[in-house]
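Student: no FASTA, just this:
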């Protein structure tokens, strides 16, 4: 899913006619950097790095309003609902008792 954004942006640049080609390529670079950051955080989260929980939490909290605005005001539920579902699932999993135990096991000793 992290690679889908840059692929769609590159496809839009190649098939369309953007107002500013340099701005369009800058968006691709930003999308690739954001995707790389998300993949890096996912890897660290799977390795149970204690510091990785907070940035993932912030990203999911920021993704929820994006999913909501795509689903309802913009009337694009095919894009917004998966974003909302992913954000809700990750937020739920970050706050399960098992997750708390894994991330805070050092504090309980």
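Tutor: Great, that's in hand. None of the values given here were measured: they were computed from a predicted structure. Numbering: from 1, shown residues only.

Student: Show the subsequent helix or strand relative to the lowest-mean-pLDDT helix or strand in the chain.
Tutor: Using mean pLDDT, DSSP states H and E, the weakest-scoring helix or strand in the chain turns out to be helix 4-15, at a mean of 76. Counting by DSSP states H and E, the next helix or strand C-terminal to helix 4-15 is helix 21-46.

Student: residues of that following helix that come out buried?
Tutor: Along helix 21-46, these residues count as buried under the neighbour rule (16 or more other CB atoms under 10 Å): 24, 27-28, 31-32, 35, 38, 41, 44-45. All C-beta atoms are positioned from the backbone trio N, CA, C, and that covers glycine.

Student: helices or strands up against the least confident helix or strand of the chain?
Tutor: helix 21-46 (3 or more CB pairs under 8 Å, 6 or more residues apart in numbering; DSSP states H and E).

Student: got any ranges where the protein has weak pLDDT?
Tutor: Within the chain, the ranges that satisfy pLDDT under 70 run 1-5, 106-109.

Student: Domain ranges for the protein, per the record?
Tutor: 1-47, 49-109 (automatic domain parsing).

Student: measure residue 51 to residue 37 for me?
Tutor: As judged by CB to CB, to the nearest Å, residue 51 and residue 37 stand 14 Å apart.

Student: brain fart, residue 17
Tutor: Distance of residue 17 to residue 37, computed by CB to CB: 30 Å.

Student: Check residue 48 too.
Tutor: From residue 48 to residue 37 the distance is 19 Å (CB to CB).

Student: now do residue 88
Tutor: Taking CB to CB, one finds residue 88 at 21 Å from residue 37.

Student: what do you get for residue 76?
Tutor: Taking CB to CB, one finds residue 76 at 24 Å from residue 37.

Student: hang on, the earlier thing: mind checking how far the least confident helix or strand of the chain is from the chain centre?
Tutor: For helix 4-15, the separation from the chain centroid amounts to 18 Å (computed by CA atoms, centre = their mean, to the nearest Å).
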